[in-house]
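**Student:** here you go, sequence then predicted model.
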Amino acid sequence: MPATTIAIATHKGGTGKTVTSMALSSSLARARKHTLLVDLDPQGHSTLGLGVEVKNGEQTLKELFAEPPSSISRVIKPTHIKGLDIVPSNIRVERVAHSLYMRPKREEILRRALQAVISQYDFVVIDCPPSLGVLTETGIAAADFLIVPCLMEARASDGLVDLLEVVNVLKGDRFNRWHILLTRVDSRKTITNQAVLASLEQWKSKIFKTSIPQSEPLNQAQIMRTDIFTFSPKSKGALAYQALSKEVLRYGK
């Protein structure tokens, strides 16, 4: 059976998108699900956050979008987590991204590239850039399932409508395999939390049961260039992402 492909996308930064990409893919791998993390973000935060070094001359995501494209099997690198591989990224991807706007069927490039290895994995997790640009379009187009991280703060729903419009264009208006993930939740901020949930009321059925609490170890793990389960497996953040992966296993197949 081919892998289930999950894109993690949002319209802005600071929502926990990359932390979610790293933690979810790590948790799935630790659950013995062979997982591939695709770092679509030119900032390469998932690549750096998992301690993956891209040496001079080594191929990255950039080569997948080149003409002619490189084979994805030449780009994939292992991580320190058993069962988790990565398609690494760095700032060089930004240069080729601009040229994609002129390419026919540009949104299909990543999906086509993944076809060569899709049967080798149980899950593919795509960390999209914090924008609705062409790289995010390729990630959404390749996905079977979409996770939208949403900060628990004022105007949390801003941009969600725009993102869903992009999804409708790329996937069709019948595509409904997407869920909202509430992130950086502070249980003490009851009024703010109630206001956020009220703004998301029309999508209530699309909100994961699991939410991600404020958890400093999640940030510290990224700084230390490792996953949260290696850095602090009993932290609130680690336990939340473990619960999320169990939900994803139910929704994702």
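**Tutor:** Sure, I can see it.

**Student:** could you use CA atoms for every contact and neighbour count after this?
**Tutor:** OK.

**Student:** helices of this structure, start to end?
**Tutor:** 17-30, 45-49, 61-64, 92-100, 109-114, 134-142, 160-171, 190-199, 216-223, 228-231, 236-252 (DSSP state H).

**Student:** so which bits of the longest one are buried?
**Tutor:** Put plainly, it is helix 236-252. Residues 236-246, 248, 252 are the ones in helix 236-252 that count as buried (16 or more other Cα atoms under 10 Å).

**Student:** same question for stretch 7-23.
**Tutor:** 7-11, 15-23.

**Student:** and the spatially closest residue to Ser131 that is not a sequence neighbour, its phi and psi?
**Tutor:** Leaving out its chain neighbours, the residue that sits closest to Ser131 by Cα to Cα, 6 or more residues apart in numbering is His11, at 4.5 Å. Main-chain torsions, His11, degrees, to the nearest 10: phi -90, psi -10.

**Student:** list the contacts for Arg32?
**Tutor:** Applying Cα atoms under 8 Å, 6 or more residues apart in numbering, we find Arg32 in contact with Gly83.

**Student:** switch the cut-off to 10 Å
**Tutor:** Ser26, Lys82, Gly83, Leu84, Asp122 (Cα atoms under 10 Å, 6 or more residues apart in numbering).

**Student:** next: Thr210.
**Tutor:** Ile180, Leu181, Leu182, Thr183, Ala240, Tyr241, Gln242, Ala243, Leu244, Ser245, Lys246, Glu247.

**Student:** between the buried residues of stretch 7-23, which is nearest Glu108?
**Tutor:** Ala7 (14.0 Å; Cα to Cα).

**Student:** does the closest one touch Val167 like I think?
**Tutor:** No. In this structure, Ala7 is not within contact of Val167 by Cα atoms under 10 Å, at 11.2 Å.

**Student:** overlap in contacts, these two.
**Tutor:** Ile140, Ala141, Leu146, Trp178.

**Student:** which pair in those spans the largest distance?
**Tutor:** Ala141 and Trp178 (12.8 Å).

**Student:** residue ranges with poor pLDDT in the stretch 151-253 of the chain?
**Tutor:** 252-253 (pLDDT under 70).

**Student:** turn the contacts of Thr210 into a markdown table, including distance to Ala198.
**Tutor:** A markdown table is the format used below for the contacts of Thr210 (distance: Cα to Cα, whole Å):
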| residue | distance to Ala198 |
| --- | --- |
| Ile180 | 14 |
| Leu181 | 15 |
| Leu182 | 13 |
| Thr183 | 16 |
| Ala240 | 23 |
| Tyr241 | 24 |
| Gln242 | 27 |
| Ala243 | 24 |
| Leu244 | 22 |
| Ser245 | 26 |
| Lys246 | 26 |
| Glu247 | 23 |
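
**Student:** of those, closest to Leu50?
**Tutor:** Closest to Leu50, out of all of these and judged by Cα to Cα, is Tyr241, at 16.0 Å.

**Student:** please tell me how far the residue of the chain most remote from its centre sits from Ser205.
**Tutor:** Most distant residue from the mean C-alpha position of the chain: Ile191, 29.2 Å away (Cα atoms, centre = their mean). Here the criterion is Cα to Cα, to the nearest Å. By it, Ile191 lies 21 Å from Ser205.
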